[in-house]
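Undergrad: Provide a 3D model corresponding to the input given below.
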Amino acid sequence: MPSITALHRHWLRSTYICNMWSKATQHDVYESLPLPEKSGWILRNAEYFIDWEDPEKQALISQKLSNMKNGCKCKTGCSSARCRCKKGNTFCGPGCYCINCSNTAISDSNEDSNEDVSESESEYSDIEDTVETEIVTDGMDDNIIDIFDVSLL
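TA: Now for the predicted structure:
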């Protein structure tokens, strides 16, 4: 999930590159630009690296990705506290190899409705598919960006 910090640093890098290109024909192009370290890059061992995120956020993102990639391998439906995901207060995800999982974020109640979708698709083929989105920040953490479908409200 991108954060406001990552978006701001991306904008700084984009602006830096745009300014560099716009002054590319001038002989003092680098003298008029700010330091790259102030524009979303990190200087390490005479090389520049992209500064994506704050270290605290990077650790949180790495932990969440690790949990997603290294899921549980439960054979009892993930209903007990022995399930790694349930113990970590998360839902089972793509990295899990569980059998008959009951710890999912989305219920499987729509499985029995195996209707032919092609009829309903042709019925609405004239209608444009437009979705309005709105970006909001979480009140607890101003860095988190959520994008949701406004038409569902």
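
Undergrad: who are the contact partners of residue 97?
TA: 71-73 (Cβ atoms under 8 Å, 6 or more residues apart in numbering). Where you see a C-beta, it was placed from the backbone N, CA and C, and this is true even at glycine.

Undergrad: how far away is it from residue 16?
TA: Distance of residue 97 to residue 16, given as Cβ to Cβ, to the nearest Å: 44 Å.

Undergrad: flag the least confident of the contacts of residue 97.
TA: Ranked by pLDDT, those bottom out at residue 71, which has 80.

Undergrad: mark which of the contacts of residue 97 are buried, thanks.
TA: Among these, those classed as buried by 16 or more other Cβ atoms under 10 Å are 71-72.

Undergrad: would you turn the contacts of residue 97 into CSV with distance to residue 38?
TA: Formatted as CSV, those follow (distance: Cβ to Cβ, whole Å):
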residue, distance to residue 38
71, 40
72, 44
73, 47
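
Undergrad: I'd like to know how many residues surround the nearest residue to residue 39 once chain neighbours are set aside.
TA: Excluding the flanking residues, the one nearest residue 39 by Cβ to Cβ, 6 or more residues apart in numbering is residue 16, at 4.0 Å. By other Cβ atoms under 10 Å, the residues close to residue 16 number 18.

Undergrad: can you offset everything so residue one is 804?
TA: New numbering, starting at 804: the last item is residue 819.
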